[in-house]
Structure formats: C-alpha cells, structure tokens
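S.K.: Fold the following and give me the result.
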Amino acid sequence: VVLVLGTATVVGLRLLRKDSATGATTTAVLPSNDWAQGARKAWTLDIGNDAQDLTAVASNNNQLIVSNTSSYISHDSHSRRGEEIRVRAYDVSGNEPQEQWSTNLDHQRDPSYSSWPHYWGDHIIVGDKLLRVDNGEVSDAPWNDSPGIVGAYAIACDEEDHCSAWNAEDPDRKLWETDIPDSFRYTHNSADGLFRGVYEGDKTIAFASPGVAVDLDTGELYDFHIDYSIDYSEDKEGLIKTDESVRVLADGWSKYDESSDRITILSPTGEELETLDGGLPHDAGVYLTSDHPRPTAAELKSYIEDGDADWAQIRGEYDKKSNAGCPALTIGDSTFKPTDESGNCFGSSPYPQMGPVFSLSSDGSVLMSSGEALSPSRGRYISGMWSVEDGEIIDLPGNKFSGDYTVFYLVNPELIVAYEIGGGSNASNELTAYRPDKK
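M.R.: Residues are numbered from 1 along each chain as shown. Predicted structure coming up:
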C-alpha cells in the first residue's frame, strides 16, 4: 500500500470530496456495518498481468477500473522510455463482474505523470489522457504538465512556476493562469499538500506552493507568510524545509510552529485571527475520521486548551515525545490496539500531524484504516479493517493485511478487491473480490 500511495502523490493535491457534475460535496466511501460479521470470497477476475506489469484500480459506486501498465524502450531511441497501459472498466453490481469497455494507451510523456487511474467528472485520467467513463473514448488531457487533482479541479504548474487550472465540467476551457513561486517544486516533490487539505466554503482554496494558496475558481492568490527554505544538497533533491505546518479546518486553517510549539488560527484566506496557548496535548490524541475530517477552530481550541474533544469519534493514547508503541484507540465503549494478522501495529499520529486515516461504519461497528480518506475517486485503498466490539482484524479469506505486496481496495461499501503487486514472482494474474458474510 505504501508503494501505491507513494506513487499517487506524484499527482499532487488529490483531496477535495466534491461531485464534479453537481458541485455537491460527497462523502468518502465508508465500510458497510455488515463487515463486522466477517467476509467471504465473492468472485475472482483474471487481469492478465505479465510478470513486470503494474496494476492499479479505481472505482465509482458499481464501476471498477483496472489498469495494467508495462514499460518499454522506444525503438527509435534507446533511452526514451514509454508505457503501454491497458484500461478496462467493469460493472461490479452483480454476482460476477461484467466488462463494459477496454482500451489500450501509449504513454510517452513526462515520467512524473501518474499512470494510476483517477476519476475526474465524466472522465478518468490515466497518464496524459482522458477516458470517458461511459464508453472509454480517449482524448488528450488539456494540460502539458502533470496536474494536481482537487475534486473537480486540475491545476498544473510548469518548471517556470507558471500555473493553469481547469474544471471537469468543461475540461477544454482554462479557468485561469498565473505565476506562483516554487509551485513546480511543491506540487511535484512535496507530499505536504496531501496533509494540508483543501478549504471548502464560499471559496475553494488549496495550497499551490509552500506558502501560497490559490482560489481554484478564480486564480486569486493568498500569501500565508510561511517561513521556509529549500535544501539543494545532493541527497535532499530540493526538499522544502519549514518549522510551520498548515492544516485545514472546517472554517479556516491552523498553523503550527514547531519551534515555539504554538498554534495560530487563520482565516480561509490566511489572516491570523488568534494564537492559542500551548500546542497539542502530549499524552492524548484525537483521530480524524471521514465523517469528521476537519474540526472547527472552536473545536480545536477546546481540545488544546481544555483537553475537550467530544466532537471526535476516536480517542487514543499518544506520546508526542517518544512516538513509539501502538496507540490504544477508544471508540465508544471499546478500547483496543489496531494490529494486523502478524501483530504489527497500525499506529499513526493524531491530528494535526496527519489528516483522516480512519473511518467508521455508520453504526460504529467497523473501523477501517486508509491512506486515501479524502480521495476524489470514491473508492479507497485500505490497510486494515477491524471489528470495534472485540478489536479483532476482519479476515479476508486467502489474503492478509500483513502481506508485503497485497493491495486492498474498497470499491463500494460492500465490495473489497485484493491483488498483488511488485513484479516477478510477486505479481498476480488474479484479482479477488470480497463481500460481507451476512450471517
């Protein structure tokens, strides 16, 4: 899963949960309550991998996209690498998957382009191509540089830090273009934007550089006055360095200064409103979930100053100084440590060091760990799923969450697919689907 999500960061700021057709905010896919009763194999699918193929999936409700990518060296240039990408769409609403369409792509652009498929309105982005969701019809993407996908928006910045944006409702019309210093380095080489989030209110605002955010509709820029530097040493490859980290709130932003251990509340456009007394509590943590992915400024303040986090669904023991061991999570009346089949811990830092990494089913009986909690694609890569009542990991027959090369993907609330990646002997020609075992 680390490989999958690490590759995905190339695309940039894929965070906003908004339906591009209607503009309405949508909820990330949550696991069904029925998984608490166990899981059963539903079907298998031959995905036709060669030994070195790279497989990836995406989904929207009952449509599953499977892509197989194989690399080659161009005949007209021994140094020019290309990719052959086979993309297939399946209807997975029934007892067996039904193929809807299939297409083959030849991708030879900048290697920073991700070959992972991603939904974007009525299209699926694969490399530098757009594929129609309904029939697989292929067209060229309107951008010339690898974009960041933020819900219905796409923003691309070139090496001269010149940025442009598009909306999925009208892909051929450029919304705006402007210069944003250090935007190319930030969107291509920094994963920080994945944790900052995107502000959704009367404006839709996302960071496009270490210190500057942009209104994705208009291109208006907001300077957040972040003190940062860039390490140009050989082993750092232009790593962005700063003591200040910004995280989105429901009604603005918070800025944490590690050097002073203080948090400042910011407006949606970056104005400083209030500095809180003290940083995060060192002995307890709150964990954001898909149902509550961002607190309000008032909720964050009550947590920092009074230890009050009644708004959080999950609490956990957390020692900021040691950052060791496995945190015990408290969910309702249940307290347990989330571990995989081998006893390894799925521990992570609480807010605001990380964004939402956990989800709960609607009745709170199933806990799911996911690195893609705010993905525009409705499906989600997952790394573990537990019964909250007893803290036991939910078994998927024939596969284990502790497998080094196994990827698990929640297609919709009642369908998980699993497959192996890694090439060579670790590659698999088969995708296995699971549904809840409704006893």
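S.K.: Can you name the residues in contact with the helix ranked longest in the chain?
M.R.: Using DSSP state H, we find that the single longest helix of the chain is helix 297-306. If you take C-beta atoms under 8 Å, 6 or more residues apart in numbering as the criterion, helix 297-306 is touched by 249, 251-252, 254, 263, 265, 273-274, 276-281, 286, 295, 308-309, 311-312, 352. C-beta coordinates here come from the backbone N, C-alpha and C atoms, glycine included.
S.K.: now do stretch 241-254
M.R.: 192, 195-199, 201, 207, 210, 224, 226-231, 255-259, 263-268, 270, 273, 294-297, 300, 351-352, 355.
S.K.: show me where pLDDT drops low in the stretch 301-439 of the chain?
M.R.: Scanning the stretch 301-439 of the chain with the threshold set as pLDDT under 70 gives 318-325, 347-349, 351-356, 371-378, 422-428, 439.
S.K.: rewinding a little: in ChimeraX, how would I select the buried members of the contacts of helix 297-306?
M.R.: The following ChimeraX line selects those of the contacts of helix 297-306 that are buried, judged by 16 or more other C-beta atoms under 10 Å:
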select :249,251,252,254,263,265,276,279,280,281,286,295,309,312,352
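S.K.: one step back: how far away from the center of its chain is the longest helix of the chain?
M.R.: 26 Å (C-alpha atoms, centre = their mean, to the nearest Å).
S.K.: hang on, residue 67 packs against residue 89?
M.R.: No: contact criterion C-beta atoms under 8 Å: residue 67 and residue 89 do not qualify, at 10.1 Å.
S.K.: follow-up on the earlier one: which of the residues in the longest helix of the chain are buried?
M.R.: In helix 297-306, counting by 16+ other C-beta under 10 Å, buried: 297, 299-304.
S.K.: re earlier: looking at residue 67 and residue 89 now, which is surrounded by more residues?
M.R.: residue 89 (27 against 23; other C-beta atoms under 10 Å).
S.K.: Quick check: closest non-adjacent residue to that one.
M.R.: residue 100 (4.3 Å; C-beta to C-beta, 6 or more residues apart in numbering).
S.K.: hey, where'd the strands end up in the stretch 151-300 of the chain?
M.R.: Ranges of strands within the stretch 151-300 of the chain are 153-157, 162-167, 174-179, 199-200, 204-207, 212-215, 221-223, 228-231, 239-242, 244-249, 252-257, 262-266, 272-275, 285-287, based on DSSP state E, counting those that start in this stretch.
S.K.: what's stretch 410-419 in contact with?
M.R.: 29-32, 34, 39, 42, 45, 47, 55, 57, 59, 61-62, 64, 92, 368, 370, 378-382, 396, 399, 406-409, 428, 430-436.
S.K.: chain center to that stretch: distance?
M.R.: The answer for stretch 410-419 is 16 Å, by C-alpha atoms, centre = their mean.
S.K.: Residue 398 and residue 171: what is the separation?
M.R.: 41 Å (C-beta to C-beta, to the nearest Å).
S.K.: So between those two, which is more surrounded?
M.R.: residue 171 (19 against 10).
S.K.: Isn't the more buried one up against residue 123?
M.R.: Yes: using C-beta under 8 Å, residue 171 is in contact with residue 123, at 6.8 Å.
S.K.: shared neighbours, these two?
M.R.: By C-beta under 8 Å, 6+ apart, the residues touching both residue 171 and residue 123 are residue 130.
S.K.: ok now do residue 334, which residues does it touch?
M.R.: Counted by C-beta under 8 Å, 6+ apart, residue 334 has contacts 388-391.
S.K.: For the stretch 101-250 of the chain, which segments count as helices?
M.R.: 183-189, 192-196 (DSSP state H, counting those that start in this stretch).
S.K.: Least confident of the ones you listed, on average?
M.R.: Mean pLDDT is lowest for helix 192-196 among the helices of the stretch 101-250 of the chain, at a mean of 63.
S.K.: So which bits of stretch 59-70 are buried?
M.R.: Neighbour count says stretch 59-70 has 59-60, 63-69 buried, by 16+ other C-beta under 10 Å.
S.K.: Kindly reformat the strands of the stretch 151-300 of the chain as a markdown table containing distance to residue 421.
M.R.: Shown next, in a markdown table, are these (distance: least, C-beta to C-beta, whole Å):
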| stretch | distance to residue 421 |
| --- | --- |
| strand 153-157 | 26 |
| strand 162-167 | 31 |
| strand 174-179 | 35 |
| strand 199-200 | 33 |
| strand 204-207 | 29 |
| strand 212-215 | 34 |
| strand 221-223 | 39 |
| strand 228-231 | 31 |
| strand 239-242 | 27 |
| strand 244-249 | 31 |
| strand 252-257 | 35 |
| strand 262-266 | 39 |
| strand 272-275 | 45 |
| strand 285-287 | 28 |
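S.K.: Redo those strands as TSV? Include distance to residue 341 and mean pLDDT.
M.R.: Shown next, in TSV, are these (distance: least, C-beta to C-beta, whole Å; pLDDT from 0 to 100):
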stretch	distance to residue 341	mean pLDDT
strand 153-157	39	92
strand 162-167	44	96
strand 174-179	47	97
strand 199-200	38	92
strand 204-207	38	94
strand 212-215	42	96
strand 221-223	46	97
strand 228-231	39	85
strand 239-242	35	84
strand 244-249	33	90
strand 252-257	35	92
strand 262-266	38	94
strand 272-275	45	96
strand 285-287	22	82
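S.K.: Could you report the pLDDT at the closest residue in space to residue 168 that isn't next to it in sequence?
M.R.: In space, and not counting its chain neighbours, residue 168 is closest to residue 121: 2.7 Å by C-beta to C-beta, 6+ apart. pLDDT for residue 121: 92.
S.K.: before we move on, back to that, now that the residue nearest to residue 89 has come up, it's in contact with residue 63, right?
M.R.: Yes: between residue 100 and residue 63 there is a contact under C-beta under 8 Å: 7.2 Å.
S.K.: Find residues that contact each of those two.
M.R.: 89-91.
S.K.: returning to that earlier point: isn't the residue nearest to residue 168 right up against residue 170?
M.R.: No: between residue 121 and residue 170 there is no contact under C-beta under 8 Å: 9.2 Å.
S.K.: Could I have the buried ones of the contacts of stretch 241-254 as ChimeraX selection syntax?
M.R.: Provided next is the ChimeraX selection string for whichever of these are buried by 16+ other C-beta under 10 Å:
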select :192,196,197,198,199,207,210,224,226,255,256,257,263,264,265,266,268,270,294,295,297,300,351,352,355
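S.K.: what's residue 313 sitting at in phi/psi?
M.R.: phi -80, psi -30 (degrees, to the nearest 10).
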